[in-house]
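Novice: what follows is a predicted protein model with its sequence.
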Amino acid sequence: MAKEIELPPLIVKTAKSEFRLRCHAAAWAREYGCRLKLRRRYGPEYPGLLMLSATGPDTAVKSVRATLYQPDVEAEFVLESDTIERMLKTKIASDSKPVTYSAAVTKLAPGVIHLVALAKIPGLMPNMSDDHLWAELTGPRYTTPLLRNWIPWLKRRMTDDGGIIVASGFAATVGVLKTEPEALDALATLGVKEGYLRMVA
């Protein structure tokens, strides 16, 4: 008999309500967090929520989705795993506005809904695999000529230099690709000049 997987509880709190879901996966990053406002004062700084996969009762999931769609509503996400993690809806965006989310729901059983939500952040990679990064770097945002076998080295360098933010997470490998096109040009040029990247397909 297969062992049942234990899913940690996720509590979503706003000023007016509190909901409890089961968390399948979540990712968060301090770079996209902020301070939680507590009774006219600001409390500790929490990382921002980048990705969430959770299940729960119909009304709770739909309420959480509505909360994610409202950028002006502050929400705290508390993941009760081995080490309790606290996250907030992401606040930092390139234009200094609160980040919005895309969220999809699907019915699993009568009264049970699955929610998947992603922050709408440029360069968000819900999957940090080399194949996904290759697809990003050869997409319309970049024009640097690259070879597929360069990706592991480029990924390491961009991660070390802050060009890729690797999010913390539960059952998730999420990142944000922040490298600008000119920086990718310079990095690829450096790699070729120093012999790390070879012009062999």
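Specialist: Yep, it's here.

Novice: who's the nearest residue to Ile84 once chain neighbours are set aside bridged to?
Specialist: Once flanking residues are discounted, Ile84 sits nearest to Val78: 6.6 Å by CB to CB, 6 or more residues apart in numbering. From N, CA and C alone the C-beta is placed, and that goes for glycine too. When bridges are called by DSSP bridges, Val78 pairs up with Ile11, Arg86.

Novice: just give me the neighbour total for Val78.
Specialist: When neighbours are counted by other CB atoms under 10 Å, Val78 registers 16.

Novice: and the protein, what are its domains?
Specialist: Annotated domains of the chain cover 9-119, 124-193 [automatic domain parsing].

Novice: what about the nearest residue to Ser168 once chain neighbours are set aside, how many neighbours?
Specialist: Here the nearest residue to Ser168 in space, its sequence neighbours aside, is Trp28; by CB to CB, 6+ apart that works out to 5.6 Å. By the criterion of other CB under 10 Å, Trp28 has 28 neighbours.

Novice: Val78 is in contact with Trp28, correct?
Specialist: No - at 11.6 Å, Trp28 does not count as touching Val78 under the criterion of CB atoms under 8 Å.

Novice: so what sits opposite the nearest residue to Arg65 once chain neighbours are set aside in the bridge?
Specialist: Computed as CB to CB, 6+ apart, the closest residue to Arg65 that is not its neighbour in sequence is Ala103, at 4.7 Å. Note on Ala103: beta-bridge partners by DSSP bridges are Ala117.

Novice: roughly how far apart are Ala103 and Ile165?
Specialist: Ala103 sits at a distance of 22 Å from Ile165 (criterion: CB to CB, to the nearest Å).

Novice: compare those two and say which is more crowded by neighbours.
Specialist: For Ala103 and Ile165, the more surrounded residue by other CB under 10 Å is Ile165, and the numbers stand at 21 against 18.

Novice: helix or strand for that one, which one?
Specialist: strand 164-166 (DSSP states H and E).

Novice: got it, and Gly195?
Specialist: Gly195 belongs to no helix or strand, assigned by DSSP H and E.

Novice: and it, how many residues sit next to it?
Specialist: Other residues within reach of Gly195, judged by other CB under 10 Å, total 7.

Novice: Thr67 now?
Specialist: Neighbours around Thr67, by other CB under 10 Å: 21.

Novice: would you confirm that it contacts Ala75?
Specialist: Yes - look at Thr67 against Ala75 with CB under 8 Å: they come within range, at 5.0 Å.

Novice: which residues are common contacts for those two?
Specialist: Shared contacts of Thr67 and Ala75, defined by CB atoms under 8 Å, 6 or more residues apart in numbering, are found at 12, 14, 89.

Novice: sorry, back to before: got any residues that touch both of Trp28 and Val78?
Specialist: Residues touching both Trp28 and Val78 (CB under 8 Å, 6+ apart) are 85, 87.

Novice: which pLDDT value goes with Glu74?
Specialist: At Glu74, the model reports a pLDDT of 84.

Novice: right, I mislabeled it, should have said Glu180
Specialist: According to the model, Glu180 scores 95 on pLDDT.
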